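Participant: model the structure of this input:
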Amino acid sequence: MKDQDIYMSDCTLCPRRCHVNRKEGHIGYCGETSKLVVARAALHRWEETCISGENGSGAVFFSGCNMRCVFCQNYNIAGAKAGKVITIERLAEIFLELEEQGAHNVNLVTPTHYVPQIIEALNLAKSEGLHIPVVYNTSGYECKETLRMLEGYVDIYLPDFKYMNEGLAQRLSCASDYTIYVKQALEEMVRQTDGIEMDEKTGLMKRGVIVRHLVLPGHVKDSKEIISYLQETYGDRIMISVMNQYTPMPQAKDLEQLGRRVTKREYEKVVDHALEIGVTNGYIQEGAAASESFIPEFDGEGV
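Facilitator: Numbering: from 1, shown residues only. Presented below is the predicted three-dimensional model:
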């Protein structure tokens, strides 16, 4: 029996630990069976500059998600409503095609529920010459055991750190234990990468961890607590990306204060706090980033 069959027959890949038999077509919280579903694979130029560079990051958007936040910007794929079923062999081909197109890296977006299949595809692609870095682009809601399967496969971890407040995590993502798991996951990611390695000529990241935090309207206090935790715990061993691209989506308009954008003052408060506590290694965004134009079409391109 293949490793993927073992994991798919009793799925505990993420902290939801659904224990469903995805191999037999049952669906867990992520919304997917064991069939590999990809919604888009193309050069993506809207990541942090050390990821996107000049050519773009080779972003592969997987359908389904173990978080499904109420304010999700990619709700069409998070809710498993978009995507095409492909084989592991085809996924390996996609990785190689992105490299041929000039992608600086392979960027695995919402990949958690497909880790065993991704590992098989990476083995195939590497045997055919894939050599660009692999980015694991995740919500941060991960099990250490799953991340350990990726050691030696992933060069750059790009996790979110969404919430510090358990109540907020429960209300917006039905994950009251989010903070517990994201802290454990981040510890494992930093252990695997062991610091930051950059290409001095290109400015591209070769290895390391960038932690993203999306500032939510009305929740500056939580944002400050997250930035403080990251700086106190990891300092310059990681990069911190403070994101200002929250876009109100129709499904969240009546929840909390999520029906509006983050104000300039709210974002400035978070950035000022980061600077005050000594954060120097990271990214901030201009207000123009908060636009639906930054949300790609999940139309099956490149799949």
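
Participant: helix or strand for the residue lying closest to E225 once chain neighbours are set aside, which one?
Facilitator: Among residues not flanking E225 along the chain, M164 sits closest, at 4.3 Å (C-beta to C-beta, 6 or more residues apart in numbering). Using the backbone N, CA and C atoms, a C-beta is placed for each residue, glycine as well. Under DSSP states H and E, no helix or strand contains M164.

Participant: okay, now the unreliable bits of this structure?
Facilitator: Scanning the chain with the threshold set as pLDDT under 70 gives 1-2, 80, 287-299.

Participant: all helices of it, in order?
Facilitator: 3-9, 49-52, 75-78, 88-100, 115-127, 144-149, 166-173, 178-193, 220-234, 264-276 (DSSP state H).

Participant: and of these, who's closest to P248?
Facilitator: helix 75-78 (12.3 Å; C-beta to C-beta).

Participant: the residue nearest to E225 is in contact with V220, isn't it?
Facilitator: No - in this structure, M164 is not within contact of V220 by C-beta atoms under 8 Å, at 11.9 Å.

Participant: and these two? Which one has more around it.
Facilitator: M164 (22 against 19; other C-beta atoms under 10 Å).

Participant: which residues touch that one?
Facilitator: Residues near M164 by C-beta atoms under 8 Å, 6 or more residues apart in numbering: T179, D222, E225, I226, Y229.

Participant: quick check: it vs D10, distance?
Facilitator: Remark: distance between M164 and D10 (C-beta to C-beta, to the nearest Å) = 32 Å.

Participant: circling back: among the helices of the chain, which is the most enclosed?
Facilitator: Sort the helices of the chain by mean neighbour count, taking mean count of other C-beta atoms under 10 Å, and helix 75-78 sits at the top with a mean of 22.

Participant: and it, how far out from the chain middle?
Facilitator: Chain-centre distance of helix 75-78: 13 Å, with C-alpha atoms, centre = their mean, to the nearest Å.

Participant: which elements pack onto that helix?
Facilitator: Contact analysis of helix 75-78 by 3 or more C-beta pairs under 8 Å, 6 or more residues apart in numbering; DSSP states H and E lists strand 36-44 as its packing neighbours.

Participant: wait, A169 sits on A175?
Facilitator: Yes - the criterion here is C-beta under 8 Å, and A169 meets it with A175 at 5.1 Å.

Participant: who does V85 bridge with?
Facilitator: V37 (DSSP bridges).

Participant: how many other residues sit next to it?
Facilitator: 13.

Participant: can you pull the contacts of it?
Facilitator: Taking C-beta under 8 Å, 6+ apart as the test, what V85 contacts is K35, L36, V37.

Participant: same question for R171.
Facilitator: By C-beta under 8 Å, 6+ apart, R171 lies in contact with L255, E256.

Participant: how close does it sit to Y267?
Facilitator: Using C-beta to C-beta, we find R171 at a distance of 22 Å from Y267.

Participant: likewise R191?
Facilitator: According to C-beta to C-beta, R191 stands 31 Å off from Y267.

Participant: can you check C69 too?
Facilitator: Distance of C69 to Y267, computed by C-beta to C-beta: 19 Å.

Participant: with I284 instead?
Facilitator: Distance, I284 to Y267, using C-beta to C-beta: 8 Å.

Participant: now for these two: what residues contact both?
Facilitator: Counting by C-beta under 8 Å, 6+ apart, the residues touching both I284 and Y267 are V242, N244.

Participant: how long is stretch 128-148 from one end to the other?
Facilitator: 24 Å (C-alpha to C-alpha, to the nearest Å).
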